[in-house]
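In: sequence unknown, structure follows:
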C-alpha cells in the first residue's frame, strides 16, 4: 500500500506532462491567471489576452465554440477540461479551420482576498485543424 502512495506523490510532480498527448498540437503556452468567475467570455479573454469587445464580436459572428459546439450563451460556465475556441478563419477547400484555443486545465485555488480564482490555462494563438476535429455535430 505504501508503494502506491509514493507513486501518487511522484505523479503530482510530473503533472506538467500528464496530458502531453503526442497528437497535441505544439506551440502552446501554459499560463496561470486569476479570473473573477468561470464564465466562458472571461476565461477566453484572459487566456488569449484580448479585449472583451473582441470576444463579444466573435460571439455575435458565431465564431465561439465550447468543446466543438457553437456557443449559445457567452455567460456559460465552463469547467476543467473544457476547450474554448475562437475561430479566425475557415478554409473550405482544404476543409480546415484556423483558430485560437484555450483549455482550462486546473483550478489552483483562490486569490488571497478570495475574490478571484487562480486557474491554469493552456492556450494556442494560431492553430490550423481539420474542420471535423473542431466542430462536433
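Out: Nice, I can see it. This one's a predicted model, so the numbers in the text were calculated from it and none came from an experiment.
In: where does pLDDT dip in this protein?
Out: Applying pLDDT under 70 to the chain flags the ranges 1-25.
In: report the central residue of it.
Out: Closest to where the C-alpha atoms of the chain average out (CA atoms, centre = their mean) is residue 103, at 1.7 Å.
In: sheet-wise, list the partners of the helix or strand in which that residue is found with their directions.
Out: Using DSSP states H and E, residue 103 maps to strand 96-110. Counting by DSSP bridges, the strands paired with strand 96-110 are strand 83-91 (antiparallel), strand 117-130 (antiparallel).
In: and it, how far from the chain's centre?
Out: The chain centroid and the centroid of strand 96-110 are separated by 1 Å, computed with CA atoms, centre = their mean, to the nearest Å.
In: what residues of it count as buried?
Out: Buried residues in strand 96-110, counting neighbours by 16 or more other CB atoms under 10 Å, are found at 96, 97, 99, 100, 101, 102, 103, 104, 105. Quick note: C-beta positions are derived from backbone N, CA and C, even for glycine.
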